[in-house]
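Enquirer: structure, please.
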Amino acid sequence: MSEWMIYGANGYTGELCAREAVERGLRPVLAGRREEAVAGLASELGLEFRVFALDDADAVRRGLDGMPLVLHCAGPFSATSRPMVDGCLATGTHYLDITGEISVYQACHEREEEARAAGVILMPGVGFDIVPTDCLSAMLKQRLPDASELTLAFEAGGGPSPGTAKTSFEGLTQGGKIRRGGRLESVPLAFRTRDIPFAEGPRHGMTIPWGDVYTAYVSTGIPDVEVYLAVPPRVATRIRRMNKLRWLLALPPLKKAIMRRIERKTPGPDDDKRASTVSRVWGEVRNKSGQSVSAELHTPNGYDLTVDASVSIAAEVLGREAIEPGYFTPSLLLGADYVTHLKDVSVSFNQSHQDACPPG
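Expert: I've put the predicted structure just below:
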């Protein structure tokens, strides 16, 4: 297989991806901005490495030279995605990342024509939770083609990595997001709460401004979308109280200090924790007649799924003789059922009305 790159390979998820790639017999070039960390991992795995920062456009282009694809794992992606995408468009490099940030999906989508002209794909979100939620949304749409409302929810065990924790904090400073009538709407944090009817028992959930609010509409055209995270009621109450402090959290000195603390205090789940925890994704579509279809995905720990999906998608893209360039979500490029082909993933459907439409 052609050489490809994992950028941010010395980070929590990037290192997991690098190790998984080697397990599968793949030979990615490892990259990042800190030579000591990247070189050490590359030496251990017997891989080549490159060192460059993303604040120098010329260095990014040189770093990507000759790479057909980059799996970008260095967040927060609201800060790192654009310079990497700029480099990919300049060098003809396919772009994948593992973000969950709405702003990144929107920014990449707005550059679709540039991607087509450069002959590359832009596909942010090749891990958890976007791969399972996007595919589940598309599968539900197939079963109720005239759906006008989509609700998604997930529960992820094991605790966050530093990158996920920083991304979540970044989201708190920007407020909530839902989609109504096809348009993104800004709403307060924890705008709505509800019980999520997971098969193993209901969980309390609150709305969150994750990337699914953006990607699900692109993939399905369903105009009303809400995304929930399962949390204890006290957490939702605390998050709601933070609406009054958002301006304070966004102040650069405080924000920087909190980000540094997250980096130091959030190691990410170890191998045993990931192996002993799972994730659940629930979704429901409803049409204007009141018909509905719901489904639930059971997956491994979110980081294990991210590693499996991102490395598999990189291999899939590189293995295709020809690929249509542009912006893609996982289901648009790989099909609605793609997630069911990943390790230890299962799906079950519940059709609440017998006259609901059959699979398309």
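
Enquirer: could you pull out the buried residues of the top helix by length along the chain?
Expert: Longest helix in the chain, counting residues (DSSP state H): helix 302-319. Under the neighbour-count criterion of 16 or more other CB atoms under 10 Å, helix 302-319 has 302-315, 317-318 buried. The C-beta positions use only the backbone N, C-alpha and C, and glycine is treated the same way.

Enquirer: contacts for the very next helix or strand once past it?
Expert: Note on helix 302-319: by DSSP states H and E, the next helix or strand toward the C-terminus is strand 326-327. By CB atoms under 8 Å, 6 or more residues apart in numbering, the residues outside strand 326-327 that reach it are 108, 109, 111, 112, 115, 116, 121, 122, 123.

Enquirer: hmm, try it at 7 Å
Expert: Strand 326-327 is touched from outside by 108, 109, 112, 115, 116, 121, 122, with contacts defined as CB atoms under 7 Å, 6 or more residues apart in numbering.

Enquirer: how is this protein partitioned into domains?
Expert: Using automatic domain parsing, the domain parsing of the chain gives 5-127+304-334, 130-301+340-351.

Enquirer: among those domains, which is the most enclosed?
Expert: Of all these, domain 5-127+304-334 has the most neighbours on average by mean count of other CB atoms under 10 Å, namely a mean of 20.

Enquirer: measure it end to end?
Expert: This stretch, domain 5-127+304-334, spans 21 Å end to end (CA to CA, to the nearest Å).

Enquirer: let me know the average pLDDT across it.
Expert: The average pLDDT within domain 5-127+304-334 is 97.

Enquirer: that one: how far from the chain's middle?
Expert: In terms of CA atoms, centre = their mean, to the nearest Å, the centre of domain 5-127+304-334 is set 13 Å apart from its chain centre.

Enquirer: let the chain start at 20 from now.
Expert: Sure thing, new numbering starts at 20, so read that last one as domain 24-146+323-353.

Enquirer: picking up where we left off before, filter the contacts of strand 345-346 down to just the ones in strands.
Expert: Among those, the residues falling in strands (DSSP state E) are 140, 141.

Enquirer: adding distance to residue 174, write the contacts of strand 345-346 out as TSV.
Expert: Formatted as TSV, the contacts of strand 345-346 follow (distance: CB to CB, whole Å):
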residue	distance to residue 174
127	27
128	28
131	33
134	34
135	38
140	31
141	29
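
Enquirer: what are the ranges of the helices in the stretch 220-369 of the chain?
Expert: Counting by DSSP state H, counting those that start in this stretch, one finds helices in the stretch 220-369 of the chain at the ranges 231-239, 252-260, 265-268, 271-284, 290-295, 321-338, 349-353.

Enquirer: between the ones you listed, which one is nearest to residue 81?
Expert: helix 321-338 (21.4 Å; CB to CB).

Enquirer: follow-up on the earlier one: want to throw the helices of the stretch 220-369 of the chain into TSV with distance to residue 84?
Expert: Below are the helices of the stretch 220-369 of the chain laid out as TSV (distance: least, CB to CB, whole Å):
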stretch	distance to residue 84
helix 231-239	30
helix 252-260	44
helix 265-268	39
helix 271-284	30
helix 290-295	35
helix 321-338	17
helix 349-353	25
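
Enquirer: quick one: residue 298 and residue 318 touch, right?
Expert: Yes: assessed by CB atoms under 7 Å, residue 298 is found in contact with residue 318 at 4.7 Å.

Enquirer: can you list residues touching both of those two?
Expert: Common contact partners of residue 298 and residue 318 (CB under 7 Å, 6+ apart): residue 324.

Enquirer: show me what residue 304 is bridged to.
Expert: Beta-bridge pairing for residue 304 (DSSP bridges): residue 169, residue 312.

Enquirer: that one touches residue 163, doesn't it?
Expert: Yes: applying CB under 7 Å, one finds residue 304 in contact with residue 163, separated by 4.8 Å.

Enquirer: which residues do the two both contact?
Expert: Common contacts of residue 304 and residue 163, defined by CB under 7 Å, 6+ apart, comprise residue 312.

Enquirer: OK, contacts around residue 253?
Expert: Applying CB under 7 Å, 6+ apart, no residues qualify as near residue 253.

Enquirer: that one and residue 298, how far apart?
Expert: Using CB to CB, to the nearest Å, we find residue 253 at a distance of 22 Å from residue 298.

Enquirer: wait, is residue 173 part of a helix?
Expert: No: applying DSSP: H, G, I helix; E, B strand; the rest coil, one finds residue 173 to be strand, outside a helix.

Enquirer: contacts only, for it.
Expert: 148, 152, 248, 249, 298, 299, 300.

Enquirer: mind putting those into CSV with distance to residue 83?
Expert: Converted to CSV, those look like this (distance: CB to CB, whole Å):
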residue, distance to residue 83
148, 28
152, 29
248, 34
249, 39
298, 32
299, 37
300, 33
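
Enquirer: show me which pair in the residues you listed is furthest apart.
Expert: Using CB to CB, the pair of the contacts of residue 173 lying farthest apart is 152 and 249, separated by 13.4 Å.
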